[in-house]
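J.: Any chance you could fold what I've pasted below:
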Amino acid sequence: MDYISLGKTGERLSEIGLGTWKLGVDEKKEIEALEYGLDSGINFIDTAEMYGTEPLVAKAIRKSKDTFIATKVSPTHFRHDEVIRACEGSLQRLGIKTIDLYQLHWPNKNVPIHETMGAMERLVDDGRIRHIGVSNFSIRELEEAQAALKKYEIVSDQIEYSMLVRDIGDELLPFCKKEGISVIAYSPLSRAHIFEPKYAELTKFLAGIGERHGKDVAQVAINWLICKGNVIPIPKASSKKHVADLVGSAGWRLSKNEVSSINDFLSDYSRRSLASVAKPAINSHPFVTRALTWLSSAGNKK
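T.: Predicted structure coming up:
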């Protein structure tokens, strides 16, 4: 397992993390999966109060030291005192004294960003969190959030990014790289949509590249994200077998020529396939993505 820096912090995170959205179906199996990932060199687990998986993560990290834990405060808790209470709740559910990365889950225009960021800075000062991050923020929203901070910097933006959802690649990704903000990529396999029959041409192409490295399609797709250099994919970990496959995405690199050929293929594929254009366009619309994620996440809460 290789490790990369989180933003400008000097923190060394495994080049893939473990996501926990929609876990909680088979707790014993999922805890074993997370533990296996930690034993395999992954040191980064992401959760959120909205997911309802913080207690599960707490059980998975009991035997592990130096695990980097990221969680998120829900946008309905962005008022100053509500941020503080939400953090206390997450700390209690996770069974830890300090959250390594505390993220704003979605932008909330109904609460002044300076109020929310004031609470985040207080949490850093009090030692309850170590780093401040955001999730699903655009460039403009990132700039506004950073301008609202007086003493600290935003270290990451967690956002959907995959071969099928690539809209951040044109502007947000270069901006984050320039500013020293890590991109944490959720749904790096597009919630398994990449394996649907309508994307058979793409998966066949990726399989051909994977054969040269002894890797499968999922491992190639995730490594393509790792090769961006400022991106940490966080695929969901639901079983030991699944995690073992995910671990195989790291510790190696596609060649520059292979990355270029994939980029060219994706560009041409998008032009030729309405389906591959439509999904990223729909997913990138802020009202659609926020509504869908809020609803699905709320439905996953216990």
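
J.: make it CA atoms for all contacts and neighbour counts henceforth
T.: Will do.

J.: low pLDDT regions in this structure?
T.: 271-302 (pLDDT under 70).

J.: Next, count neighbours for Lys177.
T.: As a burial measure, Lys177 scores 16 neighbours (other C-alpha atoms under 10 Å).

J.: Isn't it up against Asn230?
T.: Yes. With contacts counted by C-alpha atoms under 8 Å, Lys177 reaches Asn230, the gap being 6.2 Å.

J.: which ones are touching the nearest residue to Gly37 once chain neighbours are set aside?
T.: Nearest non-adjacent residue to Gly37, counting by C-alpha to C-alpha, 6 or more residues apart in numbering: Val243, 6.1 Å away. By C-alpha atoms under 8 Å, 6 or more residues apart in numbering, the contact list for Val243 reads Ala33, Leu34, Tyr36, Gly37, Ala237.

J.: quick check, nearest of those residues to Gln158?
T.: Ala237 (17.2 Å; C-alpha to C-alpha).

J.: doesn't Glu32 make contact with that closest one?
T.: No. Ala237 is beyond contact range of Glu32, at 9.7 Å (criterion: C-alpha under 8 Å).

J.: So for those two, which sits in the more crowded spot?
T.: The residue with more neighbours, out of Ala237 and Glu32, is Ala237; 27 against 18, by other C-alpha under 10 Å.

J.: In contact with the more buried one, which residues?
T.: Leu18, Gly19, Thr20, Glu30, Ala33, Leu34, Val243.

J.: Could you double-check that the fourth one sits in contact with Gly24?
T.: Yes. Under the contact definition of C-alpha under 8 Å, Glu30 touches Gly24, with a separation of 7.4 Å.

J.: more crowded one of these two?
T.: Glu30 (23 against 20).

J.: And the helix ranked longest in the chain, what's buried?
T.: Counting by DSSP state H, the longest helix found in the chain is helix 256-272. By 16 or more other C-alpha atoms under 10 Å, the buried positions in helix 256-272 come out as Val259, Ile262, Leu266, Tyr269, Ser270.

J.: May I see the buried residues of the host helix or strand of the residue nearest to Gly37?
T.: For Val243, the element it lies in under DSSP states H and E is helix 240-247. For helix 240-247, burial by neighbour count (16+ other C-alpha under 10 Å) applies to Lys240, Val243, Leu246, Val247.

J.: Now stretch 256-275 - C-alpha only, CSV.
T.: Output in CSV follows, covering the C-alpha atoms of stretch 256-275 (Å, rounded to 0.1, in the frame of the first residue of the first chain):
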residue,chain,number,x,y,z
LYS,A,256,1.3,7.5,-18.7
ASN,A,257,0.4,6.0,-22.1
GLU,A,258,-2.3,3.9,-20.6
VAL,A,259,-3.8,6.8,-18.7
SER,A,260,-3.8,8.8,-21.9
SER,A,261,-5.4,6.0,-23.9
ILE,A,262,-8.1,5.7,-21.2
ASN,A,263,-8.7,9.5,-21.3
ASP,A,264,-9.0,9.4,-25.1
PHE,A,265,-11.3,6.4,-25.0
LEU,A,266,-13.6,8.0,-22.4
SER,A,267,-13.7,11.3,-24.4
ASP,A,268,-14.6,9.5,-27.6
TYR,A,269,-17.0,7.1,-25.8
SER,A,270,-18.9,10.1,-24.3
ARG,A,271,-19.4,11.6,-27.7
ARG,A,272,-20.7,8.3,-29.2
SER,A,273,-22.8,7.2,-26.3
LEU,A,274,-25.8,9.3,-25.1
ALA,A,275,-26.0,7.1,-22.0
